[in-house]
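missing the sequence, but the structure's below:
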């Protein structure tokens with residue numbers, strides 16, 4: 001696992017290192033956040049109201065991301081990027097590759113995201129920054145979703161409203177950041193197992209949240225929680241949570257390592273019991 005993550009990070013850096021010096025300088029360090037598993041700017045498993053780049057109202061930015069999650073019985077690799085325009089609109093596109101280590105085979109899904117900043121500012125003023133987003137998911141490998149009884153094994157759309165705020169010097173002199181999101185979704189395990197099921201085929205209102213402390217301008221620690229739907233009788237779905245540490249040496253690159261607890265995923269197909277393990281992600285802001 002560690003060797004594979006190192007190869008992922010090395011490939012991304014080698015491909016994009018010549019462009020890194022072009023990264024924008026409009027916002028404070030660390031306020032761009034990361035790219036989460038579905039490509040949207042935010043934390044690791046939760047979208048935030050922040051956009052993915054450091055662009056201001058007169059700038060644009062381009063970011064790329066490579067993420068690997070390795071838990072007991074499966075791996076999830078995510079590759080893609082995002083564009084942020086004038087600190088107002090974010091467009092993202094990633095592909096997820098879900099590897100069933102015990103059962104064998106792979107499930108691929110494409111996720112196209114759109115996020116619009118509504119009002120507020122993540123640092124300045126009393127109000128948090130608010131954003132509305134949507135994630136359109138297209139399942140490329142439908143066999144497992146169909147076998148498990150998903151109502152839709154082709155495509156689905158998630159909608160979310162997020163609020164994010166940084167409080168300067170709030171925790172023993174360190175900066176505190178929090179995020180709260182409300183998501184409407186039918187997706188089973190991000191959509192990798194299709195959308196909707198025999199137990200429920202309606203949109204579920206789901207709560208997601210993150211909290212972190214910036215120990216310095218370059219280092220942050222924190223935790224995340226993501227509520228999940230439970231649509232399939234044969235595939236129990238648990239809520240997700242993680243503990244993370246993020247290193248941000250400059251505005252060009254950020255590296256996140258996390259311990260993730262994803263609960264039951266696909267018992268009998270991708271192993272049994274709780275799925276826990278390492279999350280690693282590298283984001284690069286090209287300009």
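Done, it's in. Computed from a predicted model, the values in this text were never measured in an experiment.

beta partners for residue 70?
With DSSP bridges applied, the residues forming beta bridges to residue 70 are residue 75, residue 278.

surely it and residue 262 touch.
No: applying Cβ atoms under 8 Å as the test, residue 70 and residue 262 come out as separate, 11.1 Å apart. The way it works is simple: take the backbone N, C-alpha and C, and place the C-beta from them, glycine included.

between the two, which has more neighbouring residues?
Set side by side, residue 70 and residue 262 show more neighbours around residue 262, with 25 against 19, by other Cβ atoms under 10 Å.

how about that one: what's its closest non-neighbour residue?
In space, and not counting its chain neighbours, residue 262 is closest to residue 275: 4.5 Å by Cβ to Cβ, 6 or more residues apart in numbering.

count the neighbours of that neighbour for me.
By other Cβ under 10 Å, the burial measure for residue 275, its neighbour count, is 22.

any idea how far the helix or strand harbouring residue 184 is from the chain center?
Using DSSP states H and E, residue 184 maps to strand 174-185. Mean C-alpha position of strand 174-185 versus that of the full chain (Cα atoms, centre = their mean, to the nearest Å) differs by 12 Å.

may I see the buried residues of the longest strand along the chain?
The longest strand of the chain (DSSP state E) is strand 155-171. The neighbour-count check on strand 155-171 (16 or more other Cβ atoms under 10 Å) flags 156-158, 160-166 as buried.

angle of it against strand 174-185?
Orientation check (axes from the mean of the first three to the mean of the last three Cα atoms, to 10 degrees): strand 155-171 against strand 174-185 gives 160 degrees.

mean confidence score for strand 155-171?
What strand 155-171 shows for mean pLDDT is 96.

circling back to that earlier point, pLDDT at the residue nearest to residue 262, what is it?
88.

right, and it touches residue 75 too?
No: the criterion here is Cβ under 8 Å, and residue 275 misses it with residue 75 at 10.6 Å.

shared neighbours of the two, anything?
Common neighbours of residue 275 and residue 75, using Cβ atoms under 8 Å, 6 or more residues apart in numbering, do not exist here.

remind me which residues of the stretch 1-150 of the chain are low pLDDT?
Where the stretch 1-150 of the chain drops to pLDDT under 70, the residues are 1-28, 30, 102-104.

at which residues are the strands of it located?
For the stretch 1-150 of the chain, the strands defined by DSSP state E, counting those that start in this stretch occupy 34-35, 41-42, 60-71, 74-85, 89-100, 106-119, 129-139.

can I get those strands in JSON lines including distance to residue 243?
Compiled in JSON lines, the strands of the stretch 1-150 of the chain are given as follows (distance: least, Cβ to Cβ, whole Å):
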{"stretch": "strand 34-35", "distance to residue 243": "15"}
{"stretch": "strand 41-42", "distance to residue 243": "16"}
{"stretch": "strand 60-71", "distance to residue 243": "14"}
{"stretch": "strand 74-85", "distance to residue 243": "18"}
{"stretch": "strand 89-100", "distance to residue 243": "22"}
{"stretch": "strand 106-119", "distance to residue 243": "24"}
{"stretch": "strand 129-139", "distance to residue 243": "24"}
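
so for residue 200, which of those sits nearest?
Nearest to residue 200, of all the strands of the stretch 1-150 of the chain, is strand 129-139, at 17.5 Å by Cβ to Cβ.

which one of the buried residues of strand 155-171 sits closest to residue 140?
The closest of those to residue 140 turns out to be residue 156 (Cβ to Cβ; 13.3 Å).

can you pull the contacts of the nearest residue to residue 142 once chain neighbours are set aside?
Leaving out its chain neighbours, the residue that sits closest to residue 142 by Cβ to Cβ, 6+ apart is residue 153, at 4.1 Å. Applying Cβ under 8 Å, 6+ apart, one finds that residue 153 lies in contact with 139, 142, 145-146, 194-195.

that's all I had, so thanks and see you.
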